[in-house]
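A.B. asks: Fold the following for me, if possible:
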Amino acid sequence: MKKGIKSGKNTRKVVFAFLALLIPFTALAQQVDRPNIIIIITDDQGYGDLGITGNPHVKTPNIDAFAKAGVRFNNFNVSPVCAPTRSSLMTGRYSLRTGIRDTYNGGAIMATTEVTIAELLKQADYHTGIFGKWHLGDSYPSRPNDQGFDESVIHLSGGMGQVGDFTTWFKGDRSYFDPVLWHNGKQEPYQGYCSDIFANEALKFITENKNAPFFCYLSFNAPHTPLQVPEKYYDLYKNSDPATGFDDGRPFAEMSGKDKEDARKVYAMVSNIDDNVGKLLDKLKELRIADNTLVIFMTDNGPQQTRYVAGMRGRKGSVYRGGTRVPFYLQYPKLIKGNRDIEPLAAHIDILPTLAEICKIEMPQDRKIDGRSLVPLLTGKNEVWLEKPFFSYWTRHYPEKYHNISLQKGNFKLVGHTNYDAKPEDFELFDLDTDPYEQKNIVVENADIASNLMVELEAHYNELTVSHNMVDPPRIHIGTEHENPVFLNRNDAGGERGIWAQEEVYGKWAVQIDQGRYDIKFRFIEPLTEKGRMFLETGTTINQFENNRTGIDILEMKNVFLANMTGDLVPFYVSGSKRIFPFWVELERISD
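C.D. replies: Numbering: from 1, shown residues only. Below you'll find the predicted structure:
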């Protein structure tokens, strides 16, 4: 049990035996104080990629109906990119506090000391499962099963078909089909399309746990790139023009031919997701647990490509609303009235506190929780709701002072795309009540407001950038009984900025090694064409050997002694003037 969580007690109500004769068993099982929890989140699906948000092209009848019958948060915000959003959702904290500072470059590993929603709910005897995208660390102690999930079926890194997800990378334009995924930390082959697989695994989990409270995190990797989709869904859109039908006066960016084709594929992927959401909601009804199940649908940031985004400025990666405002719909029929709009600012950091209050579970007391419970808004007690400022940023590697950074407080939003020594007048200021599309900069005529917001923004920046998990970042632990062998992938590699599929690049992994003897494999992207020498640096020790073979893509070191070490693991192959970084490294501890 992690520090800061108190053990939960089973608070199910005692039901007299004779009621069992009157109430079907599955319904009886749901007479509990705590609801089942389902969070459905999609990847790179923007605010405008739904019918209910005004898109006349995309077909999402199930999600639209869910939103219409539920509670609609119309000013819900997340981080501009995926890993930061997911860490904040899981912990109720700004991502920099958790160790998440990037989507790769070694900056997408969440500290194991963080308390996740899954760990919180397990204190109340919830069964927990994740299906899809995790993106908060692929090795012990940051995997889903290390962070509170009983069951996990996931891909690695930020997306299937990306370099970090090495079991799908080499499949190219078929990476979303018949993938090798990671089931409870072990590689396992699956058949079918990825979104269908993740949804079916979630349905299986829900069915198996219908008689006890469960938390299901259905985290689709679609419609993230690569844009791959079954043909029957693409056929729904192949003759559409995604740039037409928007003549309501809202800003709309010009779409190139590629943008239009990308939109067709995205809408096809979203329609597939919508079908799977429909299957999940039908399953809840079939199992007679819908009333006591709290279901959330949301997305993780704005769209990656140019397309309809309801007139908002910016897209994925931007702190303008097009990058951070997302759909957020909630249903909990047993206790929360549906078919309502909620307008005050809310954010991903508010989800954990909300679930903690609804489930009557005490939050961690030994750390700062940045979010606050949305229960007052959900129960109509708006008079006790106090809006807090919302801080947002996005730059690679680490936050850049005053660049792509913002603070929203009430209806005013301060946005910086400027220099470290900027003055308030160098920022943009928007009044979202009168300018929801962020088109008119009013900083000159509102200097006092801008100055005050800048003070708060700087305070957030200064506090978050020196967080413990930023100063002492999470490390991959090698040589434990919890994970052996360990695979080090490129998503978790630091070194040069922007390590991806390059061969000649300097890379390393931040690790903690337990002393022992190891068999080590180095896999390369391309077969080696020249003889050379393989090096492995671990702290003050360098192991190396000469390689005289060519045309191979794996080199091995057998029975290597590695001492206890906390630092950087640096592998590289030297051939002539080339210094080649491996695609992945496998370390298996074979003895003490």
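
A.B. asks: what does the helix or strand residue 130 falls within rub up against?
C.D. replies: Per DSSP states H and E: residue 130 is located in strand 127-133. For strand 127-133, the external contacting residues (C-beta atoms under 8 Å, 6 or more residues apart in numbering) are 43, 82, 86, 118, 121-122, 144, 148-155, 158-159, 198-199, 201-202, 205, 209, 212-221, 224. Where you see a C-beta, it was placed from the backbone N, CA and C, and this is true even at glycine.

A.B. asks: ok, residue 549 - contacts?
C.D. replies: By C-beta under 8 Å, 6+ apart, the contact set of residue 549 is 528, 531.

A.B. asks: now swap in residue 346 and tell me
C.D. replies: Per C-beta under 8 Å, 6+ apart, neighbours of residue 346: 73, 75-77, 328, 374, 377.

A.B. asks: most residues in a single strand of this protein, which one?
C.D. replies: strand 565-575 (DSSP state E).

A.B. asks: What residues of the helix or strand just after that one count as buried?
C.D. replies: Per DSSP H and E, strand 565-575 leads on to strand 578-580 as the next helix or strand towards the C-terminus. Buried residues in strand 578-580, defined by neighbour count with 16 or more other C-beta atoms under 10 Å: residue 580.

A.B. asks: ok, strand 578-580: who's next to it in the sheet?
C.D. replies: Here strand 578-580 is paired, per DSSP bridges, with strand 565-575 (antiparallel).

A.B. asks: mean confidence for the strand it pairs with?
C.D. replies: The average of the pLDDT scores along strand 565-575 is 98.

A.B. asks: quick one: contacts of stretch 158-165?
C.D. replies: 43, 82-83, 103-104, 108, 133, 135, 138, 155-157, 168-169, 171-172, 175-176, 179, 194, 221, 224-226, 228, 489-492, 500-501, 583.

A.B. asks: Stretch 210-219: end-to-end distance?
C.D. replies: The stretch stretch 210-219 measures 20 Å between its terminal residues, going by C-alpha to C-alpha, to the nearest Å.

A.B. asks: Please read off the pLDDT at the most centrally placed residue in the chain from the model.
C.D. replies: Residue closest to the average C-alpha location in the chain (C-alpha atoms, centre = their mean): residue 86, at 3.3 Å. Per-residue pLDDT puts residue 86 at 98.

A.B. asks: residue contacts, it?
C.D. replies: Remark: with contacts taken as C-beta under 8 Å, 6+ apart, residue 86 is in contact with 41, 133-136, 219, 300.

A.B. asks: Among these, which one lies nearest to residue 509?
C.D. replies: Checking these against residue 509 by C-beta to C-beta gives residue 136 as the nearest, at 16.1 Å.

A.B. asks: Please name the nearest non-neighbouring residue to that closest one.
C.D. replies: Leaving aside its chain neighbours, residue 136 sits nearest to residue 110 (4.0 Å; criterion: C-beta to C-beta, 6 or more residues apart in numbering).

A.B. asks: what's next to the longest strand of the chain, contact-wise?
C.D. replies: Taking C-beta under 8 Å, 6+ apart as the rule, strand 565-575 contacts 475, 478, 488, 494, 506-513, 522, 524, 528-539, 541, 547, 555, 579-582, 585.

A.B. asks: Run a quick neighbour tally on residue 382.
C.D. replies: Look at residue 382: counted by other C-beta atoms under 10 Å, it has 11 neighbours.

A.B. asks: Actually, residue 421.
C.D. replies: Neighbours of residue 421 (other C-beta under 10 Å): 8.

A.B. asks: Quick check: pLDDT value at it.
C.D. replies: The per-residue pLDDT reported for residue 421 equals 97.

A.B. asks: So it, which state does it fall into?
C.D. replies: Using DSSP: H, G, I helix; E, B strand; the rest coil, the structure places residue 421 in coil.

A.B. asks: ok so, going back, just the buried residues of the longest strand of the chain, please?
C.D. replies: Applying 16+ other C-beta under 10 Å to strand 565-575 flags 565, 568-573, 575 as buried.

A.B. asks: Of those residues, just say which sits nearest to residue 551.
C.D. replies: residue 575 (13.2 Å).

A.B. asks: which residues sit against stretch 260-268?
C.D. replies: Residues contacting stretch 260-268 (C-beta under 8 Å, 6+ apart): 45, 49, 57-59, 223, 227-230, 233-234, 236-238, 240-243, 255, 303, 305, 307-308.

A.B. asks: Put the buried members of those residues into a ChimeraX selection.
C.D. replies: Typed into ChimeraX, the line below selects the buried ones among the contacts of stretch 260-268, using 16+ other C-beta under 10 Å:
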select :45,49,57,58,59,223,227,228,229,230,233,234,236,237,240,242,243,255,303,305,307,308
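
A.B. asks: Tell me both backbone torsions, phi and psi, for residue 107.
C.D. replies: Residue 107 adopts backbone torsions of phi -100, psi 10, taken as degrees, to the nearest 10.

A.B. asks: quick revisit: can I get the buried part of the contacts of residue 86 as one ChimeraX selection?
C.D. replies: Buried members of those, defined by 16+ other C-beta under 10 Å, are picked up in ChimeraX with:
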select :41,133,134,135,136,219,300
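
A.B. asks: ok, so of the contacts of residue 86, who is nearest residue 463?
C.D. replies: residue 136 (21.6 Å).

A.B. asks: Pull the contacting residues for that closest one.
C.D. replies: Contacts of residue 136 (C-beta under 8 Å, 6+ apart): 83, 86-87, 90, 100, 108-110, 142, 147.
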